[in-house]
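Q: Fold the following for me, if possible:
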Amino acid sequence: MLIEVGETDLIAKEFQKHEKCYREYTRTVRKETLEENCDEKFAREYHSPVVVISKECLQTQTLSNTLQFSNKSVVKKSAFALRDVALKFIDDVADNPWPPTVESLNERASKIPELIKFFYIHLLSKKEQHHEVSERVNRLADSFSQDILSAISNGKFISLKHASVGLGLHSITGQKFPIKVLARLGHSITYDQINQIETAQAELVDRFQSLNLSLPLQPAMDGCKVSTIFWWDNFDKNVETALGSGSVHTTPGIAFQEERDGSVVRNEEVSIPKSNRRSFHFTKETGNAHIHATIQPKKEPPSFAGMDINEEDPDAEKLCSNYLFMWKSVRFVSSGDQIHPRFSGWIITQLQKAESKKTSMTYLPPISTPITEYDTIIQLFKVSRELAKQSNMSYTHITFDVGAAIKAFHVIWNRPTFWSDIVIHLGDFHAMMAFFAVIGRLVSGSGFEEIVFQAGYCTSGNITGVISGKHYNRCWLVHEAFSEALERLFLVRFLPNIPEVAAEFARAPAGSKNVRDILSDENVVSHIHSYETLKERCLKEYLESTHPGAREEIENVGLSIRRNTIGIGQAVDLAGEQTYMRNAKTAGGVTQFAVKESTVAKWVMNRPYQTRFAESLMEIAGLTTTTSNPKKCLRPSEILKSEKMVDNVLSALETQFINPFRPDLEPDKLYNLVPGYPAPENVCKCLLQIGATGKERMEEFETRLTDNTSEEKFFNPIKKLR
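A: Purely as a prediction, here's the structure:
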């Protein structure tokens, strides 16, 4: 096709009818002012003068090189600026105590220049992101900021991250090679530094044992008290040797203190001179000084004759019972579309406090002998007593498990006057395990095991752990879901109509209404009264007679530990098991050296510090356990999971077994849930009278302690009923 004939532009000719189109098509040279404006705009875009060669086209590579050179200059200036800030901080920051602690390193980490973290936050955030910085970006910015400080100082600056990664991984794994790799990549202190710090920790514990200990929280003035309670337990670990034998038996301890505004001050960190020693020299004088004492295990306790018996106000127990019933009701009402969590989560939503202070935990130097020895009990009594006096406590409150408590009572009963200020507490965690074992004995053979298996809760092997009470967490889940399922069947059969005010409370968002207001409603009170037979339970207590004022010291916050900021506590012994015991019972540091006494002594003495660094590593990585974060049970997925567990039990009872509240069953008999046959008369009588029989035997036992004329004493065996 020809587009030009005889010097006539055919296309241009077609545009003659449209003047604008013709002008745009035929214009070949733009105005000079337009070219100048384009050049100026180009220069402003790249923040530097641009030389424009007329009638020529610059190569694309030339423009790219100019832009890259400009960016490199900006980045170089920024790097030098950040380096100057980092070097100034390293020069000005105070030296860490030796050996460094998590608390001192955490305080140093809080002072890292904001400019360094600011740089990483903007580097890691999206360009269009203007809202609050995410937890991931904050965590990585903190990590990279500490990497810069460590790298610039050639590893001389010890940060919280690098110390926690090195010491924490060494405690958890006991491996050298992973730490060497991380250190070469700039994420950890070196293996030599780890050995130096661990040696210093053991030497510091040795110094603690020869001097007076001190806790981080002290009374600010005379007359003030710092609520302090102690936990001691046995730490046993089998180790591997060439001969296939070896074990470690020590007694670790933790001091729990409650911080209150205006009543406490913090002590300074204790340190020792810094050295490069990497081995601990153990001598017989270095170990714990044994206190040899003669203890009579069968020594009778002091008589309780003539002491006042205080009856416990049943209001607290009634309130707890009402809370439990209200939770059952709201879960029952919303079972179709469950919005309420398990009981522990529901209590959190009702009772949590904003910005509550955590309990201060201080790891005490471990005693290098088993807690089952009387010498160990006497030594920990003396250590705890001295620390309690520093807190102005009138009594020394110590939490034990049953085995250690028996030994402790033997010591106290041999010298009751000398140890009159020692108050022994049985740990709630171990008590609950004992209660779970009792429940297991009661439900064993009733069809409970078959229903749990069919509901998918446990395998045949795990059911044994639930029945015996040894599997603590599984016991909570299984018994709670099973009992809730039975309660729903009971409500459907006898109390299907929930008061309207309770139903509205169940449908309302969590925390929008106060449960105490609902419990005071007349209809709810009447409903609860119909639900359970009123019975008064008076608990006899001698505490105010034997230790006047001891109850007041621990009544508010001394019986539980808060590892969160919402005011929800847990048992003292459970806190010890989930902190020290869980982190200390690792492969790190024990395997293959049990025959080396000095190395074992070093490992034992630095366990408190290593446990704390292992916890710090988990916190830095955002991998903290759910125990310290009890809000996990409030997640929608966990709520649905708890509802599904209850539904599985209901389905098993209704489709494969029997509903114990069916109208056609005789109400005065007990039935096995699997075959549906009634239990024999003697079995029913025994089970139904367990509570009354137990109370009667308890009263008989108390009579031994209060009746001086009784020939039977404390250590006489209790005859088993058949």
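
Q: Strands of the stretch 1-150 of the chain, start to end?
A: Per DSSP state E, counting those that start in this stretch, the stretch 1-150 of the chain carries strands over the ranges 4-5, 8-9.

Q: again, but for the chain
A: For the chain, the strands defined by DSSP state E cover 4-5, 8-9, 217-219, 228-232, 235-238, 247-257, 264-266, 310-311, 360-367, 396-400, 422-426, 540-541.

Q: Most tightly packed of those?
A: Among the strands of the chain, strand 228-232 has the highest mean neighbour count (mean count of other CB atoms under 10 Å), at a mean of 27. No exception for glycine: its C-beta is placed from N, CA and C like everyone else's.

Q: Please tell me how far that one is from the chain's geometric centre.
A: 18 Å (CA atoms, centre = their mean, to the nearest Å).

Q: Ok, stretch 232-239 next?
A: Here the centre of stretch 232-239 is set off from its chain's centre by 21 Å, with CA atoms, centre = their mean.

Q: Give the rounded mean pLDDT of that stretch.
A: What stretch 232-239 shows for mean pLDDT is 80.

Q: before we move on, what about stretch 692-712?
A: 75.

Q: Point out where the stretch 151-300 of the chain drops to low pLDDT.
A: For the stretch 151-300 of the chain, the stretches with pLDDT under 70 are 208-213, 239-246, 261-263, 265-270, 282-292.

Q: what about residue 250, distance to residue 40?
A: Using CB to CB, to the nearest Å, residue 250 is found at 79 Å from residue 40.

Q: Counting neighbours, what do you get for residue 502?
A: 22 (other CB atoms under 10 Å).

Q: same thing with the one 5 residues further on?
A: Neighbouring residues of residue 507 were enumerated by other CB under 10 Å; the total is 11.

Q: Also residue 295?
A: Residue 295: 16 surrounding residues under other CB under 10 Å.

Q: Of all the strands of the chain, which one is nearest residue 608?
A: strand 360-367 (3.0 Å; CB to CB).

Q: between the closest one and strand 228-232, what angle do the directions make?
A: 40 degrees (axes from the mean of the first three to the mean of the last three CA atoms, to 10 degrees).

Q: Could you list every helix and strand in contact with strand 360-367?
A: Using 3 or more CB pairs under 8 Å, 6 or more residues apart in numbering; DSSP states H and E, the elements in contact with strand 360-367 are helix 191-210, strand 247-257, helix 374-390, helix 597-605, helix 607-620.

Q: And stretch 483-492, how far out from the chain middle?
A: Worked out by CA atoms, centre = their mean, stretch 483-492 lies 32 Å from the chain centre.

Q: and that stretch, C-alpha only, in PDB?
A: Extracted in PDB, the C-alpha atoms of stretch 483-492 (Å, rounded to 0.1, in the frame of the first residue of the first chain):
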ATOM      1  CA  SER A 483     -18.100 -33.700  83.800                       C
ATOM      2  CA  GLU A 484     -19.500 -30.900  81.700                       C
ATOM      3  CA  ALA A 485     -21.100 -33.400  79.400                       C
ATOM      4  CA  LEU A 486     -22.800 -35.100  82.300                       C
ATOM      5  CA  GLU A 487     -23.900 -31.700  83.700                       C
ATOM      6  CA  ARG A 488     -25.600 -30.800  80.400                       C
ATOM      7  CA  LEU A 489     -27.500 -34.100  80.500                       C
ATOM      8  CA  PHE A 490     -28.500 -33.300  84.000                       C
ATOM      9  CA  LEU A 491     -29.700 -29.800  83.100                       C
ATOM     10  CA  VAL A 492     -31.600 -31.100  80.100                       C
END
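
Q: what's next to it, contact-wise?
A: Applying CB atoms under 8 Å, 6 or more residues apart in numbering, the external contacts of stretch 483-492 come out as 328-329, 331-332, 335, 498, 646, 649-650, 653, 659-661.

Q: tell me the domain boundaries of this protein?
A: The record's domain parsing of the chain by the TED database lists 71-207, 315-355+429-543+635-664, 680-721.

Q: These: which one's closest to residue 411?
A: Closest to residue 411 of the domains of the chain, according to CB to CB: domain 680-721, at 15.1 Å.

Q: Same list, the strands of the chain, but as CSV with distance to residue 448 please.
A: Converted to CSV, the strands of the chain look like this (distance: least, CB to CB, whole Å):
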stretch, distance to residue 448
strand 4-5, 100
strand 8-9, 100
strand 217-219, 47
strand 228-232, 34
strand 235-238, 33
strand 247-257, 37
strand 264-266, 49
strand 310-311, 35
strand 360-367, 38
strand 396-400, 32
strand 422-426, 27
strand 540-541, 32
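
Q: now for those strands, which one comes closest to residue 181?
A: Using CB to CB, the strands of the chain put strand 235-238 closest to residue 181, at 27.2 Å.

Q: Check which helices and strands the closest one is in contact with.
A: Counting by 3+ CB pairs under 8 Å, 6+ apart, the packing neighbours recorded for strand 235-238 are strand 247-257.

Q: surely residue 701 meets residue 718?
A: Yes - using CB atoms under 8 Å, residue 701 is in contact with residue 718, at 6.7 Å.

Q: If I average pLDDT within each of the strands of the stretch 1-150 of the chain, which one is lowest?
A: Lowest mean pLDDT within the strands of the stretch 1-150 of the chain: strand 4-5, a mean of 48.

Q: closest one to residue 274 among the domains of the chain?
A: Shortest distance between residue 274 and the domains of the chain, using CB to CB, is found for domain 71-207: 4.2 Å.

Q: distance between the ends of that closest one?
A: 56 Å (CA to CA, to the nearest Å).

Q: ok now it, how far from the chain's centre?
A: 24 Å.

Q: now swap in stretch 461-468 and tell me
A: The answer for stretch 461-468 is 25 Å, by CA atoms, centre = their mean.

Q: got it, and stretch 560-577?
A: Distance, centroid of stretch 560-577 to centroid of chain: 8 Å (CA atoms, centre = their mean).

Q: Please check the contacts of stretch 483-492 and keep the buried ones.
A: Among the contacts of stretch 483-492, those classed as buried by 16 or more other CB atoms under 10 Å are 328-329, 331-332, 335, 498, 646, 649-650, 653, 659-661.

Q: picking that back up, tell me the one among the contacts of stretch 483-492 nearest to residue 679.
A: Nearest to residue 679 out of the contacts of stretch 483-492 is residue 660 (CB to CB; 11.6 Å).

Q: Pull the contacting residues for the closest one.
A: 486, 489, 653, 671, 673.

Q: Of the strands of the chain, which is nearest residue 452?
A: strand 422-426 (28.6 Å).
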